[in-house]
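Participant: Fold the following.
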Amino acid sequence: MSRAKGRKSIFITGAASGMGRETARLFAKQGWFVGAFDVQDAPLKALETELGADNGLFQRLDVTNREAYRAAVADFATATGGTMDILFNNAGIGKGGPYEDMAWEDVLAVVNVNLIAVLSGIHLSLPLLKATPGSLCFSTSSSSATFGMAGIAVYSATKHAVKGFTEALSVEMKAHGVRVADTLPGLIDTPILPDEAKLRAPKEGMWRLIPPIAVAEAVWSAYATDKIHWYVPPELHDFDTQATAAPELLRDAMAASGGVLAGAPA
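Facilitator: The predicted model follows:
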């Protein structure tokens with residue numbers, strides 16, 4: 001008998017804080033076996049204590065290390081008996097500022113964590129997902145994948161890539177019965193969001209500050225449907241549509257406001 005004991009299972013990167021932690025908590029509460037992976041040792045240990053060692057696999061993982069990622073997937077497969085109901089590619093970092101002022105090392109770090117690691121994790125996990133009926137490959141994109149946000153240009157580029165990859169893979173994997181989707185969160189109250197952005201967030205509207213549990217709930221809802229994009233909050237869908245229809249108008253509005261638009265991420 002596997003450690004999961006027949007329970008459905010979810011593999012979460014960036015699980016020790018923010019959206020990943022809330023997702024681990026929600027799924028554990030619903031009786032799922034949780035694979036929680038992160039580079040933050042102390043918060044990960046605290047999560048293990050909270051959820052219980054019997055209810056998951058809690059391991060340190062640098063998602064940019066492909067061989068370490070391969071080993072993590074193998075350990076998860078052993079724990080679940082070779083299944084993976086959900087892969088949640090959530091690990092991400094945010095390094096910003098004007099692109100011309102960014103250190104090249106920071107540019108590469110954002111690309112490696114936010115994009116390359118997502119591609120790597122999915123590539124390594126697809127055999128398990130394909131072996132699991134009704135499985136879901138789910139990734140964290142961003143509201144900055146609706147229209148590129150000044151001040152976080154590289155971050156925004158990686159999230160556009162995740163969104164596009166999600167759409168393409170949703171077609172490829174349909175033949176295998178694997179659903180592919182993503183979430184496009186706005187301003188989420190997590191450590192990755194600068195305090196300045198939290199303080200200037202409006203009290204209402206699509207750029208209001210959202211608790212991370214809202215993203216966890218989107219992951220939960222996504223498992224029951226074949227919807228591709230999950231906007232948090234839902235109003236961001238309209239912003240995405242407008243940005244696609246009239247990018248020049250949005251560009252000019254953002255430029256006139258110093259690079260931001262009505263509380264949008266910056």
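Participant: since we're on Thr23, how many residues are nearby?
Facilitator: 29 (other CB atoms under 10 Å). Using the backbone N, CA and C atoms, a C-beta is placed for each residue, glycine as well.
Participant: Just list the residues touching it, thanks.
Facilitator: By CB atoms under 8 Å, 6 or more residues apart in numbering, the residues touching Thr23 are 10, 12, 15, 88, 90, 215-216, 219-220.
Participant: Filter those down to the buried ones.
Facilitator: Among the contacts of Thr23, those scoring as buried are 10, 12, 15, 88, 90, 215-216, 219-220 (criterion: 16 or more other CB atoms under 10 Å).
Participant: Between which two of those is the distance greatest?
Facilitator: Ala15 and Trp220 (15.1 Å; CB to CB).
Participant: still on that earlier bit, in strands only, show me the contacts of Thr23.
Facilitator: Using DSSP state E to define strands, the subset of those located there is 10, 12, 88.
Participant: so can I have TSV of the residues you listed showing distance to Ser139 and pLDDT?
Facilitator: Formatted as TSV, the ones in strands among the contacts of Thr23 follow (distance: CB to CB, whole Å; pLDDT from 0 to 100):
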residue	distance to Ser139	pLDDT
Ile10	13	98
Ile12	11	98
Phe88	8	98
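Participant: low pLDDT regions in the stretch 51-200 of the chain?
Facilitator: The model of the stretch 51-200 of the chain has no residue with pLDDT under 70.
Participant: quick one, helices of it?
Facilitator: Taking DSSP state H, counting those that start in this stretch as the test, the helices found in the stretch 51-200 of the chain are 66-80, 104-111, 117-130, 153-172, 195-200.
Participant: If you count neighbours, what's buried in the third one?
Facilitator: Which is helix 117-130. By 16+ other CB under 10 Å, the buried positions in helix 117-130 come out as 117-118, 120-122, 124-126, 128-129.
Participant: so who does the closest residue in space to Thr158 that isn't next to it in sequence touch?
Facilitator: Nearest residue to Thr158, sequence neighbours excluded (CB to CB, 6 or more residues apart in numbering): Asn114, at 3.8 Å. Listed by CB under 8 Å, 6+ apart, the contact set of Asn114 reads 92-93, 155, 158-159, 162.
Participant: now for those residues, which pair is the farthest apart?
Facilitator: Maximum pairwise distance in the contacts of Asn114, criterion CB to CB, is 13.5 Å, between Ile93 and Val162.
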